[in-house]
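K.L.:
After the sequence you'll find the predicted model.
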Amino acid sequence: MSPTERVTRFCTAVAEWERQTFAGMTSGKNSVKDCDAARALLSAIYEDNLTEKAKGPKKWGMRLAGPVSGNPPQYDQEVTGEEPGPRSSSYVFTKHRTLPKMLWRYSVVTAPGGDPRIDELRVRAGESTDWKPGMY
């Protein structure tokens, strides 16, 4: 699997999770059991796609505290490019499908003989040229 394929897979899975969670929240039918199931599904997505560092409580792990979702889904993104990063990493760039001025840069690392995993996220909005820590 390439870094681009990893980011595409991750964004697709989380965007679908966001759609399902948002639908449950707006219908008023989410129970505690539904919230636990949503957290379990999101945790499985993280387990499949993120490094241990990225799953931490100050990164994507903070979303496991409770289903947080919006409309349009935050992760409804398309890949716009890939560049080599430092050491065994790559940067995969995406943009939001309905908010095109919001740009995302995923740092994807590949351990020797392993699959690439997402390690970090940076964002850039509007005309800014600075990559800021991501909105996990």
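P.N.:
Nice, thanks for sending it over.
K.L.:
shaky segments in this structure?
P.N.:
With pLDDT under 70 as the threshold, the chain has low-confidence stretches at 23-34, 65-72, 135-136.
K.L.:
what are the ranges of the helices in it?
P.N.:
If you assign secondary structure with DSSP state H, the helices in the chain sit at 3-27, 32-49.
K.L.:
Now do the contacts for Ser43.
P.N.:
Ser43 makes contacts with Leu64, as judged by C-beta atoms under 8 Å, 6 or more residues apart in numbering. Just so you know, the C-beta spots here come from the backbone N, C-alpha and C atoms, and that holds for glycine as well.
K.L.:
same question, Leu42
P.N.:
Val14, Trp17, Arg63, Leu64, Pro67.
K.L.:
tally of neighbours for the third one?
P.N.:
In terms of burial, Arg63 registers 18 neighbours under the definition other C-beta atoms under 10 Å.
K.L.:
picking up where we left off before, ok, of the contacts of Leu42, which come out buried?
P.N.:
Applying a neighbour-count criterion of 16 or more other C-beta atoms under 10 Å, the buried members of the contacts of Leu42 are Val14, Trp17, Arg63, Leu64, Pro67.
K.L.:
now the residues you listed in CSV, with distance to Val79?
P.N.:
Listed next are these as CSV, based on distance: C-beta to C-beta, whole Å:
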residue, distance to Val79
Val14, 14
Trp17, 19
Arg63, 21
Leu64, 25
Pro67, 26
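K.L.:
Pick the one among those closest to Glu47.
P.N.:
Each of the buried ones among the contacts of Leu42 was scored against Glu47 by C-beta to C-beta, and Leu64 proved nearest at 11.1 Å.
K.L.:
residues touching the closest one, list them.
P.N.:
When the contact criterion is C-beta under 8 Å, 6+ apart, the partners of Leu64 are Arg39, Leu42, Ser43, Tyr46.
K.L.:
Good, wrapping up.
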